[in-house]
Structure formats: structure tokens, C-alpha cells
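> Below are the sequence and a predicted model for it; my questions follow.
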Amino acid sequence: MRRPEYEVLYGGAAGGGKSDAIIVEALRQIDNPNYRGIIFRKTYPQCRELIIKSIRIYKAACPGAEYNGSEHYWRFPGGAKIYFGSMPNSTSYLAYQGLSYSYIAFDELTHFTREEYEYMISRNRADGAGLRVYIRATANPGGIGHGWVKERFITAGKPNVPYTVKSEITDRNGKKRTVERTRIFIPSSVFDNAALLENDPGYLANLAMLPDSQKRALLYGDWDSYEGQVFTEFRNDPDAYDSKIYTHVINPFPIPRSWQRYRTFDFGYSRPFAVQWWAVDYDGRAYLYRQLYGCSNTPNTGLRLEPREIARRIRKIEDELESGNVIRGIADPAIWDASRGKDGTIITMFEDEGIFFEKGKNDRLSGKMQCHYRFSFDENGYPMAYIFNTCRPFLRTIPNLIYDTVNVEDVNTDCEDHDYDAMRYFFMANPIAPRRSVSQRETPFDPLG
């Protein structure tokens, strides 16, 4: 709570007192009559626990405070207000258009999308003099927002070390200026919460009894393992890049000309497009050795390139790097849909540029199972698919995929799933028999490491 940074993410594991922290922090400026704060949970029923906590805390801190149950806000004697908000669907954030809050907090930030969070940054401003403007959030690993939260706060810098995000703007006079904001991730766990462990000594045992992925996430705050993760078997172990044992990610090597090569494609315009180049060795093992990912600086946002331009970029790569190689193309069946192109089907535009594909099989569940079969390790620690460590978009997005809450056997399509779709088309064109999954060698998890 002493942190001066504009954005702070607190938590990463269960039991660290996250909700209490953001509720208490909201009280900091209640002596200013112009102060407006808001605390979000994804749905209003999820806000109830926060409200119950606030009744206990706010009444003790300020006996004159009154809670308005119909409008879900606290009013303090000087006029300051603290609201409880929710965003239950994809357009809910628009209800906050035109409003402003000096303090904005998100409880369980991984339940929100990047768009929702960033929109509320535009609502974060002062309505009067003397107000501090800032954002706070808490989170556990997992949820629809796991990927972007991890990228924004966890992998962007070291825990407990602030970093600065700089942006360049141009004012109405054409003068360029550099503006900046600071961020920090403050990790916490149940081990930091002495009061909880004293009041409920059994809670630690509860967390220890969870399935491995949940235990690693909720007890130790491991952002590479969490509930709802689709490919729990996927491993990226730098210590094994050369040995290829119990890892899916390896160092690049020259692909033999005699190996069969494939190009697989998932189309995207406002969302990213994904092009992958795979090779298959004599044992049927697949290697992703190159990719072209059409994403802007904002994850899951496309470059808005016309199909012909995408085809030209593919052609350029293959002319320079694949000369003399025979490549079999497999693509998203949707590019054969005449309604998706302005001057013919997308596949026709590609063929005009000399890039050819055959229709991929879009059986989603069968495709997902082929991914599981490929990622499974055999008794010697070898999978049937490897990824070159230069394929960074793939390595960023695949571990972040979660299951859909409605179609519970399928991947949530709100995730950044474009590399996944391209991979599915390739694996369905080269199916393998179900493989018995052999547990990989366990490496003890060090919560301090």
C-alpha cells in the first residue's frame, strides 16, 4: 500500500489478503469531497464478499459512512464515494463511458479482458484538486485474462521492482512529447498472511491438497500452471533445449531437405493471422521451425492486412528461405468462403500470388486431442512435436489457452488462439494414434526461485 507507482498488481497466490488490501486502499482519499473510487469484480454476485468486507472495515474506519444498497456505493460524511462495479459481458464497460474515478481497483484481474481494463484507464482521472489518480489490482493465475495480465505485470519485469512504460504523443501544435507511467508486481501468498494462518491453521493444508496445477498456482503463485489451462503437459525447459528430454521447446537446427515440409495458415484481419512452417522427420515427429504472426503491439489485435499482402509476405519468406523446398499448404477452411473477400475468395487471392493451400479439417475436438497426443511424452521423455525457441508468439499464446466455460471440452475462443488453430490444421493433416501419456520427470518447484 506504500507503493507510489501508477499501476500495481498485488497477489499471485491464494490467501495473501488481496481483497482486504484494495478495500482498505480505497479509503485513502475519503476526506476529499471530489473523491470517487470504484472496485470491480467481474459479476455483481462476486462483489458480495467485497461488500461484506467493506461493511466491517468502513464502518469501523468512518462511523458516519452510509452504504447505498440499491446503487452499490458508500457515501462518506464529506461527500466522497466508493462504488462497487461489475462487467458481466463484453460490452459492460461502455456503461462507464463519461464517468471518472480517481481510484480504480480490480479484484481478480485475470477474470477481465485487456479491453475492459484498458478502457477503465481512460476513466481514471481527477475530478478536483488534490486527488491522487492511480490503479490497483489483485489476481491469481488462471482465467480468461491470464495471458495479458502475465505479460503486462509478471514477465515484463522482476517482482517488487518498478519499471517505466514510455509513450510518445503529438499535441495539436505538432510537438512530440514523451509521457510515462510506472508499474510494479508485488507478489504475495498465504505464507505472508500470519493472521490467516493463526486463525485457520488448516487452510495451508487445504491448498496443499489441491491438484498439482492448482496447488502450484494458488499455493506458490506459479504463473505457468493454473486451473483451466488446456495444455498442462506443455513444457518449456531451457535446461533441456539440447537434450530434447521432457521439453517441447528446443534450439534451432538446419532442417534436412529430405524432410516433408508444411505451411499452415489461420486467417485474421482485426485479429492476428498465423502462418507456421512445420517439418516432419522420418519417425513422424513434427518440428515448428518458423512462423509469421500478424499481430500488432497489442496482443490479440491484428495488423488489418489484406489477403494479398499476407500472401506476398509469405512468398517473400519462402523465396528467400525455402528455395527449392516442396511445401504442402494447409489452411483455415473459412478462406474458401466467398463472403469473406471483397474481390473473390481469400484463397483465390492467395493463389493469384502463387501461394496454394488445401482445406484444413476443422473438427475442433479431434484437433485438440491430436495436440494432446503430440505433446505427450513417451517413456524416454520424447514428445511427438517440438517448437524452435525462436517461435515466440507460439510460446507466448499456447500455454495461456484455457477451456471454455460452456463448451467445457473445447478451447475458449476468446483467448488468443490463432497459433493454436494453425497448429490444429497441421496436426489433423498428420494425425497420430492416441499415445499413453507418461508422466514427465518432476522438477521440485521452488516458490522462492
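Nice, thanks for sending it over.

> ok, the nearest residue to residue 163 once chain neighbours are set aside - contacts?
Leaving aside its sequence neighbours, residue 163 sits nearest to residue 157 (Cβ to Cβ, 6 or more residues apart in numbering; 4.1 Å). All C-beta spots, glycine's among them, are computed from the backbone N, C-alpha and C. Residue 157 makes contact with 163, 183-185, according to Cβ atoms under 8 Å, 6 or more residues apart in numbering.

> isn't residue 42 right up against residue 90?
No: using Cβ atoms under 8 Å, residue 42 makes no contact with residue 90, being 11.6 Å away.

> So for those two, which sits in the more crowded spot?
residue 42 (24 against 11; other Cβ atoms under 10 Å).

> Sort out which of the contacts of residue 157 are in strands and list them.
Of the contacts of residue 157, the ones assigned to strands by DSSP state E are 163, 183-185.

> could you dump these to JSON lines with distance to residue 230 and neighbour count?
JSON lines is the format used below for the ones in strands among the contacts of residue 157 (distance: Cβ to Cβ, whole Å; neighbours: other Cβ atoms under 10 Å):
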{"residue": "163", "distance to residue 230": "30", "neighbour count": "13"}
{"residue": "183", "distance to residue 230": "28", "neighbour count": "18"}
{"residue": "184", "distance to residue 230": "30", "neighbour count": "21"}
{"residue": "185", "distance to residue 230": "25", "neighbour count": "28"}
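
> Turn the residues you listed into a markdown table, columns for pLDDT and distance to residue 126.
What follows is those, written out as a markdown table (pLDDT from 0 to 100; distance: Cβ to Cβ, whole Å):
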| residue | pLDDT | distance to residue 126 |
| --- | --- | --- |
| 163 | 94 | 24 |
| 183 | 96 | 20 |
| 184 | 96 | 22 |
| 185 | 96 | 25 |
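
> tally of neighbours for residue 253?
Using other Cβ under 10 Å: residue 253 sits among 10 other residues.

> Just the element for it, please.
Under the assignment given by DSSP states H and E, residue 253 is not contained in any helix or strand.

> Next one: it relative to residue 397, how far apart?
Distance, residue 253 to residue 397, using Cβ to Cβ, to the nearest Å: 24 Å.

> Residue 271 now?
The spacing between residue 271 and residue 397, counted by Cβ to Cβ, is 12 Å.

> Which parts of the stretch 301-449 of the chain are helices?
Along the stretch 301-449 of the chain, counting by DSSP state H, counting those that start in this stretch, helices occupy 307-321, 346-352, 364-375, 392-397, 418-429.

> what's the following helix or strand after the worst-scoring helix or strand of the chain on mean pLDDT?
Of all the helices and strands that make up the chain, helix 212-218 has the lowest average by mean pLDDT, DSSP states H and E, namely a mean of 78. Heading C-terminal from helix 212-218, the first helix or strand you meet, by DSSP H and E, is strand 249-250.

> Give me the next element, helix or strand, following that following strand.
strand 260-266.

> which other helices and strands contact that next one?
Contacts defined by 3 or more Cβ pairs under 8 Å, 6 or more residues apart in numbering; DSSP states H and E place strand 260-266 against strand 273-280, helix 307-321, strand 327-331, helix 418-429.

> Please tabulate those in TSV and include distance to residue 54, mean pLDDT and mean neighbour count as additional columns.
Compiled in TSV, the helices and strands packed on strand 260-266 are given as follows (distance: least, Cβ to Cβ, whole Å; pLDDT from 0 to 100; neighbours: other Cβ atoms under 10 Å):
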stretch	distance to residue 54	mean pLDDT	mean neighbour count
strand 273-280	45	98	24
helix 307-321	51	97	16
strand 327-331	53	98	20
helix 418-429	40	98	25
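
> hang on, isn't residue 284 packed against residue 384?
Yes: counting by Cβ under 8 Å, residue 284 sits close enough to residue 384 to count as a contact (6.9 Å).

> Just want to know which of those two has more residues nearby.
A direct count of neighbours by other Cβ under 10 Å for residue 284 and residue 384 places residue 384 higher, at 21 against 11.

> From residue 347, how far off is that one?
From residue 384 over to residue 347 the distance is 29 Å, taken as Cβ to Cβ.

> Residue 48 now?
Counting by Cβ to Cβ, the gap from residue 48 to residue 347 is 52 Å.

> higher neighbour count, those two?
residue 347 (28 against 12).

> so who does that one touch?
So residue 347 contacts 331, 335-336, 357 (Cβ under 8 Å, 6+ apart).

> What residues sit buried inside the least confident helix or strand of the chain?
213-218 (16 or more other Cβ atoms under 10 Å).

> For these, work out which two are farthest apart.
Farthest pair in the buried residues of helix 212-218 (Cβ to Cβ) is 213 and 218. Separation: 9.5 Å.

> Could I get the average pLDDT for the one helix or strand residue 84 maps to?
Per DSSP H and E: residue 84 is located in strand 81-86. Per-residue pLDDT over strand 81-86 has a mean of 97.

> Who are the packing partners of that strand?
Applying 3+ Cβ pairs under 8 Å, 6+ apart, we find strand 81-86 packed against strand 36-41, helix 44-61, strand 73-75.

> Of these, which is nearest residue 364?
When the helices and strands packed on strand 81-86 are compared by Cβ to Cβ, helix 44-61 sits nearest residue 364, at 29.5 Å.

> Let's verify the closest residue to residue 414 other than its chain neighbours: helix, strand, or coil?
Computed as Cβ to Cβ, 6+ apart, the closest residue to residue 414 that is not its neighbour in sequence is residue 144, at 5.9 Å. Secondary structure state of residue 144, per DSSP: H, G, I helix; E, B strand; the rest coil, is coil.
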